[in-house]
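Engineer: I would like the atomic coordinates for the input below:
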Amino acid sequence: MRILSVIGSSKSGKTSTVEYLIAKLTTEKGLKIGSAKHVHHSNFSIDVEGKDTWRHTKAGATRVVCVAENEVTVFRKEHGSDYTLERLADLFKDGGFDLIILEGFHWLLAKREDVVKIVSANDVEDVERLLKGTSPPIIAITGRVSNETEGSLHGIPVVNVKRNGEQLVYLVTEQFNLS
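Structural biologist: Numbering: from 1, shown residues only. Next up, the predicted model:
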């Protein structure tokens, strides 16, 4: 399974990077993309208190499936910090995806040399801090730092998604042989 990780600081542009890549890879390249987002807030729940699915969980169900006309949502009550890359990948195994993009998960993926990464940073100091804790391969640096820095840092291309997003698409498609 091809997995791309977009890791970086809060409010640095990770979501904008992921959103751009998903839009371009699906509409222009015709690829099937899956994505997962790590949420840092320990009490976060996508389920809404008082709604039927919440009530099912409150009653004791550890998995609740909500089926609507245009989507299906699966609520699984699990301890998220126990996740491994393999468990995340299993969530996508039945979808025939060309690429899985993981946003966040720095704690899980930064040191893995078998995961391709994009680092999103706020400024050059942020890049330096993030690179110290991140193992290659790193194919690009994006985020707010790209508003002040062009070219490359430590031999890694710095890409401003708004001005030169096609470069990022090229780097991803070449890395994963998706052309």
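Engineer: ok now stretch 77-97, how far from the chain's centre?
Structural biologist: For stretch 77-97, the separation from the chain centroid amounts to 13 Å (computed by Cα atoms, centre = their mean, to the nearest Å).
Engineer: Just the endpoints, please. Distance across it?
Structural biologist: By Cα to Cα, to the nearest Å, the extent of stretch 77-97 from end to end equals 25 Å.
Engineer: Now do it: everything it contacts.
Structural biologist: Outside stretch 77-97, the residues within contact range by Cβ atoms under 8 Å, 6 or more residues apart in numbering are 1-3, 32-34, 36, 38-39, 57, 61-63, 100, 102, 105, 107-109, 112, 115. (Each C-beta comes from the backbone N, C-alpha and C, glycine too.)
Engineer: Show me the residues you listed that map onto strands.
Structural biologist: Per DSSP state E, strands hold the following members of those: 3, 33, 34, 36, 63, 100, 102.
Engineer: Next, the buried residues of the worst-scoring helix or strand of the chain on mean pLDDT.
Structural biologist: Every helix and strand of the chain was ranked by mean pLDDT, DSSP states H and E. The lowest is strand 72-76, at a mean of 81. By neighbour count with 16 or more other Cβ atoms under 10 Å, strand 72-76 contains the buried residues residue 75.
Engineer: from the chain's centre, how far out does that strand sit?
Structural biologist: Between the mean C-alpha position of strand 72-76 and that of its chain there is a distance of 19 Å (Cα atoms, centre = their mean).
Engineer: In terms of secondary structure, what does it contact?
Structural biologist: Helices and strands touching strand 72-76, as assessed by 3 or more Cβ pairs under 8 Å, 6 or more residues apart in numbering; DSSP states H and E, comprise helix 52-59, strand 63-67.
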